[in-house]
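>>> Just need the structure, nothing else, for what follows:
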Amino acid sequence: MTPSDYFRRNLCLFYQAPGPVYCLQRNHILFKVLILLSILLPSLTTVAQGATCPEGVTPQVKLLWVPAQADTVQRISPQVLHAKRGSAHLRGFTTTRFFDNAQFIYQITPHTQGHLCLQMQALNMKIGYGQTAMFSEDSYPPESCNSRVIASHEQQHLRIYNQTLLAQLPALKKRLLQTLHTLVLPATKQTLPQRQQEMEQPIKQLIALSTERAFKQVHQHNARIDTLENDRLVHAQCPHW
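Numbers count the residues shown, from 1 in each chain. Now for the predicted structure:
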């Protein structure tokens, strides 16, 4: 093993001459402690510097709810419907696209020795659904009992989309406010864009976790009403299919 290989595989501590060179094996407890400190110290330093920044304004969070809406039902052939949904017993389906559009507003105040203090002053976010469409099998006249029952079933899906996500928003807003209140980062003019990205990251993670939780519930609720048993109940509402 060459000396360079040895130093790459071990941690060596150099002391001033005439002291010796001390090398720690990877499985040595002190080696692990030093590596852990090398990871934690930059974060601890950032926290300590951030704590010296004066407390800014109380953050504000505004969530603009955009519900899934589809006023009309698009009629398509049974062949196309079944090909899109992969199930022969379904007479209609609903599609929608979730979105969240966040606007971050920062407060930047001068600090000591040319440093800045960065805090998020407000978060304005649109959250909800767009591009919503309902589809129905075109085997029945638009004003028939069959078409009305199919449309009513698809309206159930819309309510599931809206009510499930809407129920998550109060808790999401509370967690966002709690997180924003603790985010104060030191910065310079050069590091300001990087600090803004660091500040936005936990906010985006909170939003992703809340929406993921909502979508799991949406999937479960939708699956409960798209069963063969429920399909029989729907069919029972009209005399001819």
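>>> How about whichever strand or helix holds L118, which residues are buried there?
Using DSSP states H and E, L118 sits in strand 116-137. Buried residues in strand 116-137, counted by 16 or more other Cβ atoms under 10 Å: 116-120, 122-123, 125, 127-129, 132, 134-137. (C-beta placed from N, C-alpha, C; glycine too.)
>>> buried stuff in the helix ranked longest in the chain?
Secondary structure of the chain per DSSP state H: the longest helix is helix 145-182. The neighbour-count check on helix 145-182 (16+ other Cβ under 10 Å) flags 146-151, 153-154, 157-158, 160-162, 164-165, 168-169, 172-173, 175-176, 179-180 as buried.
>>> Break this protein down into its domains, please.
For the chain, automatic domain parsing gives the domain ranges 1-51, 56-235.
>>> Please enumerate the helices of this structure.
3-9, 29-51, 78-85, 145-182, 192-225, 228-235.
>>> any chance of those helices in CSV, plus mean pLDDT and distance to T95?
Shown next, in CSV, are the helices of the chain (pLDDT from 0 to 100; distance: least, Cβ to Cβ, whole Å):
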stretch, mean pLDDT, distance to T95
helix 3-9, 41, 55
helix 29-51, 45, 43
helix 78-85, 86, 9
helix 145-182, 93, 10
helix 192-225, 92, 12
helix 228-235, 87, 19
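>>> Near H240, how many other residues are there?
H240 has 8 neighbouring residues, counting by other Cβ atoms under 10 Å.
>>> Could you measure from the residue nearest to Q156 when sequence neighbours are not counted over to P239?
Spatial nearest neighbour of Q156, chain neighbours left out: I225 (5.8 Å); criterion: Cβ to Cβ, 6 or more residues apart in numbering. Separation of I225 from P239 (Cβ to Cβ, to the nearest Å): 22 Å.
>>> and the two? which has more neighbours close in?
Neighbours around I225 and P239, counted as other Cβ under 10 Å, are more numerous at I225. The numbers are 15 against 8.
>>> Quick check: which of the domains of the chain is buried the most?
domain 56-235 (a mean of 15; mean count of other Cβ atoms under 10 Å).
>>> Please tell me how far it is from the chain's geometric centre.
10 Å (Cα atoms, centre = their mean, to the nearest Å).
>>> Hmm, R91 and D226 touching each other?
No. If you go by Cβ atoms under 8 Å, D226 and R91 don't touch, sitting 10.7 Å apart.
>>> Next one: the residue positioned nearest the centre of the chain from V80, what distance?
Ranked by distance to the mean C-alpha position of the chain (Cα atoms, centre = their mean), the top residue is A208 at 1.0 Å. Using Cβ to Cβ, one gets 34 Å for the distance from A208 to V80.
>>> and if you look at V184?
55 Å.
>>> try H153
18 Å.
>>> I225 too?
Taken as Cβ to Cβ, the span from I225 to V80 is 22 Å.
>>> do S136 as well
11 Å.
>>> Look up phi and psi at P141.
Dihedral pair for P141: phi -60, psi 150, per degrees, to the nearest 10.
>>> contacting residues for it?
S147 (Cβ atoms under 8 Å, 6 or more residues apart in numbering).
>>> Then T58?
Here T58 is in contact with H181 (Cβ under 8 Å, 6+ apart).
>>> So it versus Y106, what's the distance?
In terms of Cβ to Cβ, T58 sits 14 Å off from Y106.
>>> T182 now?
For T182, the distance to Y106 - Cβ to Cβ - is 15 Å.
>>> what's the answer for T227, then?
49 Å.
>>> try W65
24 Å.
>>> residue contacts, the residue lying closest to P59 once chain neighbours are set aside?
Excluding the flanking residues, the one nearest P59 by Cβ to Cβ, 6+ apart is L180, at 3.8 Å. By Cβ under 8 Å, 6+ apart, the residues touching L180 are 59, 61, 120, 123, 203.
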